[in-house]
Each structure stands twice: as structure tokens, then as C-alpha cells.
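Student: The sequence and its predicted three-dimensional model are supplied below.
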Amino acid sequence: MSAGILFPERASDVGWSVDLLFYSLLAICGLVTLGVFAALTIFCVRYREGSAAPRQVKDRGTLWFEITWTSATLLVFLGIFVWAALVYFRMSKPPPGTKEIHVIAKQWMWKTQHPDGRREINELHLCVGEPVALVMTSQDVIHDFSIPAFRTKQDVLPQKYTTEWFTPTRPGKYHLFCAEYCGTDHSRMGGWIYVMEPGPYARWLAATDAGESAVAVGARLFQARGCAGCHAPNAAVHAPLLTGIYNRPVALADGSIVIADEQYLHDSILLPNKQVAAGYQPIMPTYQGQLGEEEVMQLIAYLKSSNGGEEAKP
């Protein structure tokens, strides 16, 4: 068996943390299993039928032994839980300034769009050492964006946004899989992640057509779909202003407060009566069935850009 099978290639900054946790759990479970089998073997031999081992029951207190053993194992596994939680929280929150790439899953392909408008299908070209956050949603059923070499995987859900981030650390070509059964051709829903040095990555950028950025397309949709007619300062319709709304607190008609993240903006476009802003009537029409998930992402990218490039904090 080759070392590559025992220790798969590791090509992201979180890979070492995940591997260390996994192999530590494997070692602990292996030691416990060996201890159990060793005890079973010793007892089977010592107390076999016809052996001279004493079999009288001795009345001796074991309370402190039981407390010590139970407490020690509890502390060990609580420590593992805390350790795993720290790794998880690090993997779930991208740092500020991370490059954002949109991913839309569809039976049976992955569609990606870079901030400058470049689009790829079942491929993703990245620059080594550059943090990347994937903002993902599904156009149909549940999928799962999995890159084993990066030690990352994340469910991709319809009508929901999920995020997966990492920093590629080693140039190369890495498998992309769908790790959630999604239908007849699930096994064919894969692709490749290309991690490139800055020089080759710059040449790839120069050789590919950028097209319109998501922000530019979103701005055009904002006008074409009539959003500006209601959400402008001089609009005749009484509707909330959307400039700078991203990641800010929004008071709702039911008295609660939410943060205007991607999910809130998504639902406000497709399910406008789900969370009505305080002081406004639920008169906005739904765009369900009129806008695809890609167009909704582009509208959200435009609204996020109105924050002046900075994410507002609640």
C-alpha cells in the first residue's frame, strides 16, 4: 500500500488541522480497541475452564477507581470536542478580504463565476496562497461540494446559501466531487480544481474572457427588473432603500431584527412576504420563477457593492 493512500495529498491551509484531528481520533480509538481486546484475551486465558485462578468474590470498594476512570475519559472526549469545534469554526468563517466566487450546483454540473465575470463549468482555477470563499446554492436538489485534497466539503442546498472557504497551498490539479447523492448521474458530477502559481495564473487570466462582472450584471438587472422604480430615494412607492443594506441590522414588522446577509436578500427577492421590514406594507411582488439562482446572486452582488467595498457590522 502506497504512502499516497495512507496519507492523501494535502493542498490547503486547513488540511493539516483536519488531518491532525482525524489521526488523533484514529489513534485514541485504536488504543481503546487494543486495550479492550487485550483485556478480553487475558481474562479468557486466566479464567479458562480448569485454570487455578481464584474465583472468590472479594468485597472491595471501587468507587474512586470508577470516578477517576469516568472523569478521565470524559475530559479526554470533551477536549476532543473543543478541539474539533475550534477547527470547525475556523473553517466556517472566511477572513476579511477573501476572494468570493459564486457556485451554482445543477444536475449534474458545477457552474462557477469569479468576481470579474469569468465563468467555468466543472472547473475552478485558483492562485496558490490566495484565500477563496465559495458562496454556493443549488438550482434543484441537495448537492455537496467536496475537495478531498483541501479537506473541505459543504452541502449545497436549494433556496439556501452556504459558504466554504480555504487557501490553496500547493500548485496542482485536484479532484472535485459531489459528495451527496443527487440523482441518476450523481457519479458523473465532478470536476477539477487547478491551483496555479501567480505567473501561470496571470497568463490564464489574460487568455480567458472575463465578460461582465457579477456586480455589473446585477446593476443592469436592478434597472431592467424594475427594482430601481421602488427602491430609489425619489420613488413613488414607499419601499426600503437598499444602498448599503448588506450585513446591516433590519427591523422587521413582527418586532424582530435580522442581519441583511445573502440569505435575507435572497429571500426578500423570491419570498418577499417571509420577512417584511418594519414600517412597510407587504406589496413587493415575488420573483420566484422569474429569476434564476444565478441572477439572484448577481443582484445580491450588486447590493453588496453598494456598501462601498466594506461589509457593515451590526
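Tutor: Received the coordinates, thanks. The structure presented is a predicted model; accordingly, all values stated were derived computationally and were not measured.
Student: Walking through this protein, point out its strands one by one.
Tutor: If you assign secondary structure with DSSP state E, the strands in the chain sit at 99-106, 109-113, 119-121, 123-127, 132-138, 143-147, 152-156, 162-166, 172-178, 190-196, 249-251, 257-259.
Student: So which residues of this structure form helices?
Tutor: 3-6, 15-46, 63-92, 198-207, 214-224, 227-230, 262-270, 293-305 (DSSP state H).
Student: which stretch among those comes nearest residue 137?
Tutor: Nearest to residue 137 among the helices of the chain is helix 293-305; the distance by Cβ to Cβ comes to 5.3 Å. For the C-beta atoms, the positions are set from N, CA and C on the backbone; glycine is no exception.
Student: which stretches of the stretch 151-300 of the chain have low pLDDT?
Tutor: Judged against pLDDT under 70, the stretch 151-300 of the chain has no low-scoring part.
Student: can I assume residue 168 is in contact with residue 147?
Tutor: No - using Cβ atoms under 8 Å, residue 168 makes no contact with residue 147, being 9.4 Å away.
Student: list residues touching both of those two?
Tutor: 12, 193 (Cβ atoms under 8 Å, 6 or more residues apart in numbering).
Student: Got the confidence number for residue 6?
Tutor: pLDDT for residue 6: 66.
Student: er, residue 116 actually
Tutor: pLDDT, residue 116: 86.
Student: Neighbours of residue 144, how many?
Tutor: Residue 144: 21 surrounding residues under other Cβ atoms under 10 Å.
Student: how far away is it from residue 107?
Tutor: 13 Å (Cβ to Cβ, to the nearest Å).
Student: Same check on residue 235?
Tutor: 39 Å.
Student: Look at the two and report which has more neighbours.
Tutor: residue 107 (16 against 13).
Student: thought residue 167 was touching residue 127?
Tutor: No - using Cβ under 8 Å, residue 167 makes no contact with residue 127, being 10.1 Å away.
Student: Let's check: the centremost residue of the protein is which one?
Tutor: The centroid of the chain falls nearest to residue 164 when counting by Cα atoms, centre = their mean (3.1 Å).
Student: For it, list the residues it contacts.
Tutor: 133, 134, 136, 145, 152, 153, 154.
Student: Quick check: beta-bridge partners of the residue nearest to it when sequence neighbours are not counted?
Tutor: Among residues not flanking residue 164 along the chain, residue 154 sits closest, at 3.9 Å (Cβ to Cβ, 6 or more residues apart in numbering). When bridges are called by DSSP bridges, residue 154 pairs up with residue 145.
Student: Quick check: the gap between residue 154 and residue 284.
Tutor: When residue 154 is compared with residue 284 (using Cβ to Cβ), they lie 31 Å apart.
Student: Thank you, goodbye.
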